[in-house]
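Chemist: Have a look at this prediction, sequence included:
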Amino acid sequence: QGPVCSNLGLKPGQRLTVKGKIAPNAKSFVMNLGKDATLLGLHFNPRFDAHGDVNTIVCNSKKVEEWGAEHRETVFPFQKGGTAEITFAVNQNDVTVHLPGHQFTFPNRLSLPVFDYFDTQGDFTLQSLSWE
């Protein structure tokens, strides 16, 4: 588990940019955005080779112990041992995830008015966080 941020106060129209390094032998890493650790509006999980997925980004939401339906993106711009820059733009009804050369949106299933919580886990070392 990497750093945990709380009281972010990300509202629609704001964005969070995450930069870091991916481990040379990475299997997967996770970034969570939500109200707190039990209410996750966006669980962002790039998988190099984990849980039966290879080079797939799996996104989901979590309400206490209940996961929603998994959403899969087949565009995979990450490389083991490389760096990653990911921007999460909060909109009224969804979050737009900006990746190198690709973007997609994920619905705000929990209708969170504000995203206060962020954490990283897995084979990723956080280097910087910025929001605007």
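Modeler: Noted; the coordinates are in hand.
Chemist: Who are the contact partners of the nearest residue to residue 37 once chain neighbours are set aside?
Modeler: Closest residue to residue 37 apart from its sequence neighbours, by C-beta to C-beta, 6 or more residues apart in numbering: residue 117 at 6.6 Å. In short, each C-beta sits where N, CA and C put it, glycine included. Residues near residue 117 by C-beta atoms under 8 Å, 6 or more residues apart in numbering: 4-6, 8, 32-37, 39-40.
Chemist: Which one of those is nearest to residue 49?
Modeler: Ranked by distance to residue 49 (C-beta to C-beta), those are led by residue 32 at 20.9 Å.
Chemist: Can you tell me the strand partners of the helix or strand encompassing that closest one and which way each runs?
Modeler: According to DSSP states H and E, residue 32 maps onto strand 29-36. Its sheet considered, strand 29-36 pairs with strand 39-50 (antiparallel), strand 117-122 (antiparallel) by DSSP bridges.
Chemist: buried sites along that strand?
Modeler: 29-35 (16 or more other C-beta atoms under 10 Å).
Chemist: Of those, which pair is most distant in space?
Modeler: Most distant of the buried residues of strand 29-36, by C-beta to C-beta, are 29 and 35, 21.5 Å apart.
Chemist: I figured residue 14 was touching residue 132, is that so?
Modeler: Yes - under the criterion of C-beta atoms under 8 Å, residue 14 makes contact with residue 132 at 6.5 Å.
Chemist: which of the strands paired with strand 29-36 sits most buried?
Modeler: Greatest average neighbour count among these goes to strand 39-50 (a mean of 21), per mean count of other C-beta atoms under 10 Å.
Chemist: Could you dump the contacts of residue 117 into TSV with pLDDT and distance to residue 123 added?
Modeler: Converted to TSV, the contacts of residue 117 look like this (pLDDT from 0 to 100; distance: C-beta to C-beta, whole Å):
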residue	pLDDT	distance to residue 123
4	92	17
5	92	19
6	94	23
8	94	23
32	98	15
33	98	19
34	98	21
35	97	26
36	96	24
37	95	20
39	97	25
40	98	19
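Chemist: Can you report how many residues lie near residue 55?
Modeler: Residue 55 has 13 neighbours, counted by other C-beta atoms under 10 Å.
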